[in-house]
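Student: Attaching a predicted model along with its sequence, questions to come.
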Amino acid sequence: MITKTVQYKPASGWLVNLDELSDMDSSDTVILVFGAPSFKAEAEVFLDLKRRFPKSIAFGCSTSGEIFSSHMSDDSLSLAIMKFKTTKIRSACVKIENMMQSFEVGSQIINELDKEDLRAVFVLSDGLLVNGSELLRGMNEVGHEKIITGGMAGDGLRFKETWVLKDGIPANGYVAALAFYGDDIRVGHGSMGGWNRFGPERVITKSKGNVVYEVDGRPALQLYKEYLGDRAAGLPATALLFPMQIFSQERSNDKLVRSVLAVDESNQSMTFAGDVPEGSHAQLMLANLNNLVEGASDAARKITDLPGSHSPSLTIAVSCFGRRLVLGERLDEELEAALDQLPADTKMVGFYSYGEFSPAGFTKKCELHNQTMTLTVISEVATG
């Protein structure tokens, strides 16, 4: 595998000469692009990539901040070009109109890509129209033995629209997946949070899918506003500072974190990025800056199937937008902490997201996470 990383900024253009990378164009090449939401209106940049790399698969999404090596940028593109030697790649892109279609879309995508030598899938979804839990449940039912990682596109504090690349051009309302085939591909993954629990443990007494109506028999939004105090005026954005951990008494070791995507004042409900089952236990969480940075380091230490020190690799970092809001000026510290635990020659790109996808718990099935640093490490090792 040959990997190159490139950054684009409107004021300066591409920071390397793309003409020098033209020999990387092939049917076994992926152009991975993470970009600011505003680039949807600047199609010329993406058309330029299609002209330069006509045989390659373009794959990417909008962000709440672009990761390039150990730094985060706004209003930029973070690009990784991966040319594989023996691994075969395919992509699929499916339209989604609303959250109720999430399971169906997940099933459709994995069915399009599934065949005997499928080893791993990297998924990018619209960040506002998708129930991440249901999307992954649909994928897991078909591809339950496959490694699935990825994340939900972002739009910063706006929560207006997100995009995913379709045929190389930004488009709203899509879920895209990139599949890797063969015995030589290696995909490692790790995910950790670093938030502290606070307040009493409560019970979700009324919910449907990813919409919570009552907690401990009280209107969910009313109770949540009591915790936020003056910050409630900034909902739903300020909810990213106070995520919720959910778990069942039967499987208390399998804890998941959920972030709020929307609130409904009329029925006092809260819509989360993934399912919050009725009857599950819940507890609010609060940031500890040092723990968040350490969580990024722990995510890298937990990665399965790390390549050898001399095998080129690409790390895709998907970190929750809530972490960005909390870490502030210490943001680069979590990226540096992750890189410090990875092979010295690894390259890293990624984005701040509305949700992260990674295997978790005893089942090892892919789950939706919020408020985590999630890492996917891709490498290729010749076995023949």
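Tutor: On my side now, so go ahead.

Student: going forward, measure contacts and count neighbours with C-alpha atoms only.
Tutor: Will do.

Student: Least confident secondary structure element in the chain?
Tutor: strand 256-258 (a mean of 86; mean pLDDT, DSSP states H and E).

Student: Packing partners of that one?
Tutor: When contacts are defined as 3 or more C-alpha pairs under 8 Å, 6 or more residues apart in numbering; DSSP states H and E, strand 256-258 sits against strand 244-247, strand 366-369.

Student: Nearest to residue 234 among those strands would be which one?
Tutor: Within these, the stretch nearest residue 234 is strand 244-247; the backing value is 17.3 Å (C-alpha to C-alpha).

Student: ranking the helices and strands packed on strand 256-258 by burial, who's on top?
Tutor: Of the helices and strands packed on strand 256-258, the one with the most neighbours on average (mean count of other C-alpha atoms under 10 Å) is strand 366-369, at a mean of 26.

Student: still on that earlier bit, mind putting the helices and strands packed on strand 256-258 in JSON lines, distance to residue 322 and mean pLDDT included?
Tutor: Output for those, formatted as JSON lines (distance: least, C-alpha to C-alpha, whole Å; pLDDT from 0 to 100):
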{"stretch": "strand 244-247", "distance to residue 322": "12", "mean pLDDT": "90"}
{"stretch": "strand 366-369", "distance to residue 322": "12", "mean pLDDT": "91"}
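
Student: quick one, which of those strands is nearest to residue 54?
Tutor: The closest of the helices and strands packed on strand 256-258 to residue 54 is strand 366-369. By C-alpha to C-alpha, the value is 32.2 Å.

Student: which regions of this structure sit below the pLDDT cut-off?
Tutor: For the chain, the stretches flagged by pLDDT under 70 are 143-144, 249-254, 305, 307-310, 361-363, 382-384.

Student: where do the helices sit along it?
Tutor: Counting by DSSP state H, the chain has helices at residues 43-52, 102-113, 132-142, 220-228, 289-301, 321-327, 331-340.

Student: of the ones you listed, which approaches residue 35 most closely?
Tutor: Residue 35 lies closest, by C-alpha to C-alpha, to one member of the helices of the chain: helix 43-52, at 10.7 Å.

Student: so how far is that closest one off the chain centroid?
Tutor: 24 Å (C-alpha atoms, centre = their mean, to the nearest Å).

Student: Give me the residues contacting it.
Tutor: The contact list for helix 43-52 (C-alpha atoms under 8 Å, 6 or more residues apart in numbering) reads 18-19, 22, 25, 58, 168-170.

Student: ok so, going back, any idea which of the helices and strands packed on strand 256-258 gets closest to residue 379?
Tutor: Closest to residue 379 of these is strand 366-369 (C-alpha to C-alpha; 19.9 Å).

Student: Walk me through which strands that closest one pairs with, and which way each runs.
Tutor: strand 355-359 (antiparallel) (DSSP bridges).

Student: can you state the direction angle for the partner strand and helix 132-142?
Tutor: With axes from the mean of the first three to the mean of the last three C-alpha atoms, to 10 degrees applied, the angle from strand 355-359 to helix 132-142 works out at 30 degrees.

Student: Take strand 355-359, keep the C-alpha atoms, and write them as PDB.
Tutor: Output in PDB follows, covering the C-alpha atoms of strand 355-359 (Å, rounded to 0.1, in the frame of the first residue of the first chain):
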ATOM      1  CA  GLY A 355     -21.100  10.000  15.900                       C
ATOM      2  CA  GLU A 356     -18.400   7.300  15.700                       C
ATOM      3  CA  PHE A 357     -18.700   3.700  14.500                       C
ATOM      4  CA  SER A 358     -16.500   1.000  16.100                       C
ATOM      5  CA  PRO A 359     -16.800  -2.500  17.500                       C
END
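
Student: List of residues touching it?
Tutor: Counting by C-alpha under 8 Å, 6+ apart, 123, 127, 132, 147-153, 189-191, 273, 318-320, 365-374 sit against strand 355-359.

Student: if we can go back for a sec, wait, which of the helices and strands packed on strand 256-258 is closest to residue 302?
Tutor: With C-alpha to C-alpha, the closest approach to residue 302 among the helices and strands packed on strand 256-258 belongs to strand 366-369: 15.3 Å.

Student: What's the end-to-end length of stretch 343-351?
Tutor: Start-to-end span of stretch 343-351 (C-alpha to C-alpha, to the nearest Å) is 20 Å.

Student: Likewise for stretch 186-200?
Tutor: 42 Å.

Student: got a list of what the residue nearest the centre of the chain touches?
Tutor: The centre of the chain sits closest to residue 151, judged by C-alpha atoms, centre = their mean, with a distance of 1.9 Å. Counting by C-alpha under 8 Å, 6+ apart, residue 151 touches 123-125, 318, 353-357.

Student: One more pass at 10 Å, please.
Tutor: For residue 151, the contact set (C-alpha atoms under 10 Å, 6 or more residues apart in numbering) comprises 61, 122-127, 132, 317-320, 350-358, 368-370, 374.

Student: What's the local residue count around residue 283?
Tutor: 18 (other C-alpha atoms under 10 Å).

Student: one step back: filter the contacts of helix 43-52 to the buried ones?
Tutor: Among those, those buried by neighbour count (16 or more other C-alpha atoms under 10 Å) are 25, 58, 168-170.
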